[in-house]
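# below are the sequence and a predicted model; questions follow.
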Amino acid sequence: MVVPEHGRIRRADVPAYLQSKFGITIAKATLNKMATVGGGPRMQYDGRRPLYHVDDLDQWASARLSGPVASTSERAAIRAGASA
């Protein structure tokens, strides 16, 4: 996907961007829901049209991904330590 020079993309293009750059699969419908209830990437509006800056998408995706682990038990131990 080619990102425009201004760095903002429409919601319909966000799933392809996240898949190609981070390997994150997310549906446009999920982004719609997150825009309502929270938890999604930051956005700006051009009138009624939401636009996502790639810097905000990159930051959101990086926070969503875990660090590298060698096993599922290592992941569980890290998660348990984070909630303790």
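It's in.

# for this protein, give me the ranges with low pLDDT.
Applying pLDDT under 70 to the chain flags residues 83-84.

# any idea which residue is closest to the centre of this protein?
Closest to where the C-alpha atoms of the chain average out (C-alpha atoms, centre = their mean) is residue 61, at 3.8 Å.

# shouldn't it be within a helix?
Yes - counting by DSSP: H, G, I helix; E, B strand; the rest coil, residue 61 falls inside a helix.

# which residues sit in contact with it?
Residue 61 sits next to 18, 21, 22, 24, 41 when contact means C-beta atoms under 8 Å, 6 or more residues apart in numbering. For glycine as for every other residue, the C-beta is placed from the backbone atoms N, C-alpha and C.

# cool, residue 39 as well?
By C-beta under 8 Å, 6+ apart, residue 39 has no neighbours at all.

# does it sit in a helix, a strand or a coil?
coil.

# how near is it to residue 77?
25 Å (C-beta to C-beta, to the nearest Å).

# closest one of the contacts of residue 61 to residue 52?
Closest approach between those and residue 52, by C-beta to C-beta: residue 41, at 5.7 Å.

# name the nearest residue to that closest one, sequence neighbours excluded.
Spatial nearest neighbour of residue 41, chain neighbours left out: residue 60 (3.8 Å); criterion: C-beta to C-beta, 6 or more residues apart in numbering.
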